[in-house]
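Colleague: Predicted model, plus sequence, below.
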Amino acid sequence: MENNSREQWGSKLGFVLAAAGSAVGLGNVWRFPFATGEHGGAAFLFLYLIAVVLIGYPLMVTEISLGRKSRKNPIGTYKNLAPDTPWWLVGGLGVITGFVLLSYYSVIAGWSLSYIFRSLGGFPEGIDAANIMFETHISGLLEPILYHLIFMVITVGVISAGVVKGIQKVVEMLMPVLAILLVAVVFRSVTLEGAREGISFLFRPDFSAVTAKTFLSVIGQSFFTLSLGMGAIITYGSYLSNKDDIPTSSIQIIGADTLLAIISGLAIFPAVFALGFDPGEGPGLVFVTLPAVFAEMPLGGIFGVLFFILLTIAALTSAISLLEVVVAYVIDEKNWPREKAALTVGGVIFLIGLPPILGYSVWSEATTFAGNILDTYDFIANSVMLPLGGALTSIFAGHALGSKNIVEEANKGATSVKIGNWVAPLLRYVIPISVLVVMLFGIYQTIT
Ligand code: PHE
Ligand code: NA
């Protein structure tokens, strides 16, 4: 496909909303609160904010710039910018990450989708009952598979419709709804009696809960929540025009994602504390603790429905960006029509998502050091593939391509904020070294 025939975002806002939609997802509403709950509240938030500034921002600017410079999918980007070198393998890692990540992302999104209907019927009271409900749901084969399928079908539908008519249209419609729902849930949560304790949990650091694993969790969270390290942002950047402002858009995307994570914390912790539940519940926080909270609070049924609609919308706008990575590759490199690419890739990803579902029932003996099959997928994607992809992208930009080229591309169309040469040491040394050290150490800690 020639550069000039490639679709472009219909407006500046379209790109920022799409990228923010990619960023804001399960990472904010599901992972951030439970990671914060496990790793010392504000202590985790504090470390995370440092990672966002030193790693997230430079890499966001880099990925968007790489995409706009090459106007290709991640593999095509490296082939285009570094022809006849093995760098395209980094793009390949990104495409594979897309398969793995979306396969279980969709399973979790499917839980959320089914919980919309469950909350309509009201949640049972007490944490034990909530636990049983969750266990029963995830271990029943038919329902999780059905909702995973429905979620993938919707995702494929959006991607089939194209960049502007599909992705952009859907994010323009859903992102405002997401914001309104979140404000409603936060309002309910912080006005509960006893909410104060939850608010201070989020803002008062407990550094004694910080361990070596905390750092891996912080690094993994930074990549996961900002959609970095696998080429999703490269792909979205490839539909950007030269007039668009990369440094400022990056601030807006990251700002929106971080704000949404903190607001999700504000929606969840005050309610959890107010009703006397444990914030360190882990991945079950949103699916076990929260329904128990909804069961006890005034108007909890309605807010339960709103919350799970919100979570599903957030997951959908991220899932479409994950699918688009692989679909863009197949369109660019194999010349397939968009619909055929979306349907085929979506079908394969649906199948890859079946083992994680089976891992909660008939394959529950299949476990690794990371846990069950879904935990294992999550560990591989979040703690290995994303950080590795991010570190390699940084090395490519800092050493192979040269950060001068990133700075030049990023500043095309930049009006207020410009990128300076300060990114060079970050891309060359700070990001790769810190990410790889934390990643290797964290993996070692987890395996042993
Ligand atoms: N950023 C998304 C979230 O927080 C997940 C994601 C990761 C999306 C990587 C695209 C690429 O849920
Ligand atoms: Na996110």
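Modeller: Yep, that arrived. Ligands and ions are numbered 1, 2, ... in the order given.
Colleague: What ranges in this structure fall below the confidence cut-off?
Modeller: 1-4 (pLDDT under 70).
Colleague: Could you rerun that using 80?
Modeller: Where the chain drops to pLDDT under 80, the residues are 1-5, 280-284.
Colleague: Could you pick out the longest helix of it?
Modeller: helix 300-334 (DSSP state H).
Colleague: from the chain's centre, how far out does that one sit?
Modeller: 9 Å (Cα atoms, centre = their mean, to the nearest Å).
Colleague: does that helix come close to ligand 1?
Modeller: Yes - Helix 300-334 lies within reach of ligand 1 by Cβ under 6 Å from any ligand atom, at Ser318, Ser321, Leu322. All C-beta spots, glycine's among them, are computed from the backbone N, C-alpha and C.
Colleague: residues near the residue nearest to the first one when sequence neighbours are not counted, how many?
Modeller: If the residues on either side of it in the chain are set aside, Ser318 comes closest to Gly25, at 3.2 Å by Cβ to Cβ, 6 or more residues apart in numbering. Gly25 has 28 neighbouring residues, counting by other Cβ atoms under 10 Å.
Colleague: In contact with Gly25: list those residues for me.
Modeller: Tyr105, Thr225, Ala314, Ala315, Thr317, Ser318, Ala319 (Cβ atoms under 8 Å, 6 or more residues apart in numbering).
Colleague: Can you lay out the residues of helix 300-334 next to ligand 1 as CSV showing distance to Pro124 and neighbour count?
Modeller: Formatted as CSV, the residues of helix 300-334 next to ligand 1 follow (distance: Cβ to Cβ, whole Å; neighbours: other Cβ atoms under 10 Å):
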residue, distance to Pro124, neighbour count
Ser318, 30, 27
Ser321, 35, 26
Leu322, 33, 27
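Colleague: Save these as CSV, and put in distance to Leu266 too.
Modeller: As requested, the residues of helix 300-334 next to ligand 1 are exported to CSV (distance: Cβ to Cβ, whole Å):
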residue, distance to Leu266
Ser318, 21
Ser321, 25
Leu322, 27
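Colleague: follow-up on the earlier one: gap between the residue nearest to Ser318 and ligand 1?
Modeller: 2 Å (Cβ to the nearest ligand atom, to the nearest Å).
Colleague: Which single residue of the stretch 101-250 of the chain ends up nearest ligand 2?
Modeller: Thr225 (3.3 Å; Cβ to the ion).
Colleague: Quick one, which of the contacts of Gly25 are buried?
Modeller: Tyr105, Thr225, Ala314, Ala315, Thr317, Ser318, Ala319 (16 or more other Cβ atoms under 10 Å).
Colleague: farthest-separated two in those residues?
Modeller: Thr225 and Ala319 (14.6 Å; Cβ to Cβ).
Colleague: residues from the chain in reach of ligand 1?
Modeller: 22-23, 25-28, 101, 224-225, 227, 230, 232, 318, 321-322.
Colleague: which pair in these spans the largest distance?
Modeller: Asn28 and Met230 (17.3 Å).
Colleague: the more surrounded of the two?
Modeller: Met230 (32 against 27).
Colleague: Correct me if wrong: the more buried one contacts Gly389.
Modeller: Yes - the criterion here is Cβ atoms under 8 Å, and Met230 meets it with Gly389 at 5.2 Å.
Colleague: what's the overlap in contacts for those two?
Modeller: Common neighbours of Met230 and Gly389 (Cβ under 8 Å, 6+ apart) are Leu93, Gly94, Thr97.
Colleague: Which ones among those residues map onto helices?
Modeller: Using DSSP H, these in helices are Leu93, Gly94, Thr97.
Colleague: Among those residues, which one lies nearest to Gly166?
Modeller: Distance to Gly166, by Cβ to Cβ, is smallest for Gly94 among these, at 20.9 Å.
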